[in-house]
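Peer 1: Pasting the sequence and the predicted coordinates here, then a few questions.
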Amino acid sequence: MESTETITQLLPEDRNFNDLLLPYLAPYLIYVVLSSIPEAMMSSEMSQSIKLAAACAALLYYRKTYRFGSLRPLHGFIALLALPVALLSWIAPFYLLTALGITDVMSAGAENTVSMLSFYLRLVNSVFLVAVFEELFMRVYVMGWLYQAGPQRQAKGLIGSIVDTLDQHPALYASLPLSTFSVVGTTIVFTAGHRAHEYLSAVLYFLFTTWLYKKSGSLWVCIIIHGLTNLAIALLVNYGGV
């Protein structure tokens, strides 16, 4: 399956990467910061509600900055077909870690119980909000930034090329911003946003969905499969005892 999509420039060309950082990072950062608040300080329902409201507010505030490309029924169909592989890439490493005796990931949090309201609020957050702002930040901003910085490494060095690119405007490109440097770098950033026992899962999942991104040429495919994967995992954990 090779992409027949017309490549859409997802980063605005009228501002530099430094100016674009806050719009793409803000929803992600707000959600992470609010998620780090100890449970003893507020109820789960309150925490999920605040995250929903705050991240939505940030996305709406910066909505004119974001570009997604066209959405077609085919994108949902591709995501559904690829869902079993994406789900397997996330779950299988947990069984591997447990089988190797490294950690009993499968039973972690088994005793934790949450109210139905908290569960559904968390579901909305992970299926819709997280899928959108994480893909925007990782797949559009970070990947685009590193893709543009990559060719400058020989002249400026690794750190110099990454820092200097912040002052540059996103360049027009004829293909998706996928290079070894941008994919590896974005995979590291994506993985770092997860817990240690999720690292292997995060790497496998992100590499698979990046391959899917390359083949489909659509950010929407990544957003949809991200949301579907989060939905499937939440349902398996809550109702399947996984």
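Peer 2: Received the coordinates, thanks.

Peer 1: got the contact list for the residue nearest to the spatial centre of the chain?
Peer 2: Among the residues of the chain, the one closest to the centroid is E134, at 3.4 Å (CA atoms, centre = their mean). Shown in contact with E134 (CB atoms under 8 Å, 6 or more residues apart in numbering): 28, 190, 193, 226. The C-beta positions use only the backbone N, C-alpha and C, and glycine is treated the same way.

Peer 1: make it 10 Å
Peer 2: 27-28, 31, 126, 190, 193, 222-223, 226, 230 (CB atoms under 10 Å, 6 or more residues apart in numbering).

Peer 1: Please name the spatially closest residue to the residue in the chain sticking out farthest from the centre (chain neighbours excluded).
Peer 2: Relative to the centre of the chain, the most outlying C-alpha is that of A155, 30.8 Å out, by CA atoms, centre = their mean. Nearest residue to A155 in three dimensions, chain neighbours excluded: S161, at 7.6 Å (CB to CB, 6 or more residues apart in numbering).

Peer 1: Do you know the pLDDT at the one you found?
Peer 2: pLDDT, S161: 96.

Peer 1: Quick one: the helices in the protein, in order.
Peer 2: 17-35, 44-61, 73-99, 116-124, 131-135, 143-149, 153-156, 158-165, 180-192, 199-216, 219-239 (DSSP state H).

Peer 1: Quick one, which of the contacts of E134 are buried?
Peer 2: 27-28, 31, 126, 190, 222-223, 226, 230 (16 or more other CB atoms under 10 Å).

Peer 1: Return the most buried member of the helices of the chain.
Peer 2: Each of these was assessed for mean neighbour count using mean count of other CB atoms under 10 Å. The highest is helix 143-149, with a mean of 24.

Peer 1: Against which helices or strands is that one packed?
Peer 2: Judged by 3 or more CB pairs under 10 Å, 6 or more residues apart in numbering; DSSP states H and E, helix 143-149 is in contact with helix 17-35, helix 158-165, helix 180-192.
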